[in-house]
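Asks: Please work out how this folds:
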Amino acid sequence: MYSAIAANKRNTVIIIGLFIALLSGISYWWGYSTGNGSSAILIIVFVFGYALIQYFISGALAVAMSGAVPIQKSDNPRLWRIVENLSITEGIPMPKVYIIPDDAPNAFATGRDPKHAIVAATTGLLAIMDDKELEGVMAHELGHVKNYDIRVSTIVFGLVSAVGILADMAIRAAFFSGGRRDENGNSLGAALILIGMVASIVAFLIGPLVSAAVSRQREYLADASGAHTTRYPEGLASALEKLGQYGRPMRRASSSMAHMYISDPIKPGVVERLFSTHPPIPKRVARLREIGTRF
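Replies: Below is the predicted model of the structure:
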């Protein structure tokens, strides 16, 4: 299990590093094409500044978009006690607990770090899971919290969103270039349009692929972490099988926060599976049962 955790962390760092290098290259290209190298620095500052804003408001946005309702222990003692016991076991602060009024079984974790974490479960999840299965699901979510997966996924989402804005800015700037040319006589407008097209490809094709790849790695990692916490991988494995059997799209599902859930809340078709933020459930179950043989 520990080798799998190490591999997932290493792969995530490599993927994000390559994506940041690609963004830096586009920024340098913009600065070179406009003949103003300082503009590249401003673009990089903008991209990372936008990602930082997303990082700080991600928790509040996720709660608002999902329709989650905060609870106290008296509202749902079963869920509260499970989260409380797991938090003590993990040695992390007790997160805020929410329930989402939705019959589709699912759960998510969000927040920028363990001190500001939120975990949420749908009414549908609470209805179909027994205690061991619910414990496995919430251990998975707290695994995301402990491993700072929330921070990683939020930063990746912020970077991808920022590149989309960057692409739009480049194309708009091309139309206001006034037919200017650089020192080599090349059209500045044409260069900006090309930059905008490349940035659009990054934002709407490569970016989602990167985000999906990072999210899939973190899902495997959270599964392993959750199994290690409960010392009962079968609980989460059984819960995932139920999610595969009973799962259906959530009423307020959003593609922008699909990566936060334990199971894909949108249920994409064949083409969209390339961009899926979740590994196939049978593969996750197989890994968990393999882990169980090592305890």
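Asks: any idea where the strands of the stretch 51-200 of the chain begin and end?
Replies: Assigned by DSSP state E, counting those that start in this stretch, the stretch 51-200 of the chain shows strands spanning 69-70, 96-100, 107-110, 118-122.
Asks: Of all those, which one is nearest residue 153?
Replies: Closest approach to residue 153 among the strands of the stretch 51-200 of the chain (CB to CB): strand 107-110, 9.0 Å. The way it works is simple: take the backbone N, C-alpha and C, and place the C-beta from them, glycine included.
Asks: For that closest one, which helices and strands make contact with it?
Replies: In terms of contacts (3 or more CB pairs under 8 Å, 6 or more residues apart in numbering; DSSP states H and E), strand 107-110 is packed against helix 37-66, strand 118-122, helix 131-146, helix 149-175.
Asks: and those as CSV, adding mean pLDDT?
Replies: Shown next, in CSV, are the helices and strands packed on strand 107-110 (pLDDT from 0 to 100):
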stretch, mean pLDDT
helix 37-66, 74
strand 118-122, 95
helix 131-146, 94
helix 149-175, 73
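Asks: just these: most buried one?
Replies: Using mean count of other CB atoms under 10 Å, the stretch among those with the largest mean neighbour count is strand 118-122, at a mean of 26.
Asks: so how far is it from its chain's centroid?
Replies: 15 Å (CA atoms, centre = their mean, to the nearest Å).
Asks: got the angle between that strand and strand 96-100?
Replies: 20 degrees (axes from the mean of the first three to the mean of the last three CA atoms, to 10 degrees).
Asks: neighbouring strands for strand 118-122, and are they parallel or not?
Replies: According to DSSP bridges, strand 118-122 forms sheet pairs with strand 96-100 (parallel), strand 107-110 (antiparallel).
Asks: Make JSON lines out of these and add distance to residue 60.
Replies: Converted to JSON lines, those look like this (distance: least, CB to CB, whole Å):
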{"stretch": "strand 96-100", "distance to residue 60": "11"}
{"stretch": "strand 107-110", "distance to residue 60": "9"}
